[in-house]
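In: take a look and give me a structure for this.
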Amino acid sequence: METQDIDHVGVVVENLEEAIKFYEEKLGMKCVYNDVLKDRGLKVAFLKGKEGETAVELLEPVDHNDMNNTVAKFLKNKGQGMHHLAVRVSDISASLKDLEGKGISLIDKSPRPGAMGHTVAFVHPKSVMGLLLELVQH
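Out: Numbers count the residues shown, from 1 in each chain. Take a look at the predicted model:
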């Protein structure tokens with residue numbers, strides 16, 4: 001698997017609107033995407049800095065009490081903070097096949113729709129030194 005670049009860092013937050021305000025007012029970033037992913041039970045926003053290369057993805061569960069939602073569970077158990085690192089790949093299916101062939105444990109064996117119309121898949125943290133890794137194909 002060959003990564004093109006870091007795509008974004010995912011951060012779980014208690015309140016998406018307050019977090020957007022913080023990142024814009026205190027860090028000078030700009031919100032470039034804000035949506036509700038109903039099928040995943042998430043409110044998401046992407047913010048970028050002046051250069052606009054790498055984004056911060058803010059994630060808030062729609063229902064904070066839904067322990068079937070991995071982001072709600074993360075928020076309850078760990079609080080706000082870094083959730084995952086996302087790397088951009090040119091061919092997500094080939095990347096998944098390559099990683100699986102190398103004995104890497106995958107959460108998603110096939111790609112699925114993600115935010116902003118991108119295709120995504122997650123790699124299990126136990127295979128990435130405790131880090132949840134997201135593959136993103138634009």
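
In: tell me what the top helix by length along the chain is packed against?
Out: The longest helix of the chain (DSSP state H) is helix 16-27. Where contact means 3 or more CB pairs under 8 Å, 6 or more residues apart in numbering; DSSP states H and E, helix 16-27 is packed against strand 30-37, strand 42-48, strand 55-61. Where C-beta positions appear, they are placed from N, C-alpha and C, glycine not excepted.

In: mind listing what's buried along the longest one?
Out: It stands for strand 30-37. For strand 30-37, burial by neighbour count (16 or more other CB atoms under 10 Å) applies to residue 31.

In: by how many degrees do it and helix 16-27 diverge?
Out: Going by axes from the mean of the first three to the mean of the last three CA atoms, to 10 degrees, strand 30-37 is angled at 170 degrees with respect to helix 16-27.

In: partners of strand 30-37, with directions?
Out: Paired neighbours of strand 30-37 in the sheet (DSSP bridges): strand 42-48 (antiparallel).

In: can I get the strand it pairs with as CSV, trimmed to CA atoms?
Out: The C-alpha coordinates for strand 42-48 follow below in CSV (Å, rounded to 0.1, in the frame of the first residue of the first chain):
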residue,chain,number,x,y,z
LEU,A,42,-22.8,11.4,13.2
LYS,A,43,-22.5,15.1,12.8
VAL,A,44,-19.3,15.9,11.0
ALA,A,45,-17.4,19.0,10.0
PHE,A,46,-14.1,19.4,8.2
LEU,A,47,-11.9,22.4,8.9
LYS,A,48,-8.7,23.5,7.1
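
In: number of residues surrounding the residue lying closest to residue 64 once chain neighbours are set aside?
Out: Excluding its sequence neighbours, the residue lying closest to residue 64 (CB to CB, 6 or more residues apart in numbering) is residue 72, at 5.5 Å. For residue 72, the tally of surrounding residues (other CB atoms under 10 Å) stands at 21.

In: how close does residue 72 get to residue 98?
Out: Separation of residue 72 from residue 98 (CB to CB, to the nearest Å): 32 Å.

In: before we move on, back to that, just to be sure, the residue nearest to residue 64 is in a helix?
Out: Yes. Under DSSP: H, G, I helix; E, B strand; the rest coil, residue 72 sits within a helix.
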